[in-house]
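S.K.: when you get a sec, could you give me coordinates for this:
(one chain, ligands or ions: 1)
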Amino acid sequence: MSNPTNAAATGSLERSAFQNPLQAHIVAMAAIIASIAVIAGALALLIFVRPSAAAQATASGKPDQAASAERGKKLFVSYGCYECHGRAAQGGVGPRLGPDPLPLAFVEKYVRHPTASMPPYTTKTVSDQELADIYAYLKSLPQPPKENSIPLLSQ
Ligand code: HEC
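M.R.: Residues are numbered from 1 along each chain as shown. Prediction:
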């Protein structure tokens, strides 16, 4: 069990760790300060950068990045669109929204200023970027199968 190589390695490790306690202390403090800096930086990003980026997107009235159907799918759920329009936007309490959604301009107008029972979503709740993402999701939905490809319907 007593492996001379191992013993030597452990010995040298211990020596290097205890040889210069001040150095070890400085390294530990540097690591702690670095962690605090990283956390503070992340918080600063969350607090200052995100709202201003959102404000810019709203101010210019244009989404700031390419619409993503993937993000839109998640937003469709998190904003509760699915509760009335169905998980696959197939319709429920509210009408079917996709595939082949109505023009983006109409969807934007309707979501901001619905004229019947749907609750309004202002840019404070759903940003233009997020609505563009939801629209991309609606466009990406698969087409339903053709009638004549369903045996029960072609009998
Ligand atoms: C509380 C239920 C409810 C929620 C939540 C909801 N809708 Fe609606 N939506 C409706 C109803 C009902 C209509 C039909 C018109 C009306 O009554 O306002 C509608 C209509 C629409 C229309 C017009 C469609 C057409 O064919 O005229 C769009 C676009 C739409 N909703 C998108 C959305 C999006 C996007 C969300 C999520 C951000 C959402 N809705 C959330 C109930 C809802």
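S.K.: now name the helix or strand holding the closest residue to residue 68 other than its chain neighbours.
M.R.: Spatial nearest neighbour of residue 68, excluding adjacent residues (C-beta to C-beta, 6 or more residues apart in numbering): residue 133 at 5.2 Å. Placement of C-beta: from N, CA and C, glycine included. Taking DSSP states H and E as the criterion, residue 133 maps to helix 128-140.
S.K.: okay, now residue 67: neighbour count?
M.R.: Residue 67 is flanked by 19 other residues according to other C-beta atoms under 10 Å.
S.K.: now it, what's its secondary structure?
M.R.: Assigned by DSSP: H, G, I helix; E, B strand; the rest coil, the conformation of residue 67 is coil.
S.K.: so it touches residue 130, yeah?
M.R.: No: using C-beta atoms under 8 Å, residue 67 is not in contact with residue 130, being 9.5 Å away.
S.K.: what comes up buried for the helix holding residue 133?
M.R.: In terms of neighbour count (16 or more other C-beta atoms under 10 Å), helix 128-140 has its buried residues at 128, 129, 130, 131, 132, 133, 134, 135, 136, 137, 138.
S.K.: list the contacts for the residue lying closest to the first one once chain neighbours are set aside?
M.R.: If you skip the residues right next to it in sequence, residue 128 has residue 63 as its closest partner in space, 5.2 Å away by C-beta to C-beta, 6+ apart. Contact partners of residue 63, counting by C-beta atoms under 8 Å, 6 or more residues apart in numbering, are 57, 127, 128, 129, 132, 133.
S.K.: distance of the second one relative to residue 63?
M.R.: Between residue 127 and residue 63 the distance is 8 Å, computed by C-beta to C-beta, to the nearest Å.
S.K.: just give me the neighbour total for residue 90.
M.R.: Burial measure for residue 90: 15 neighbouring residues, criterion other C-beta under 10 Å.
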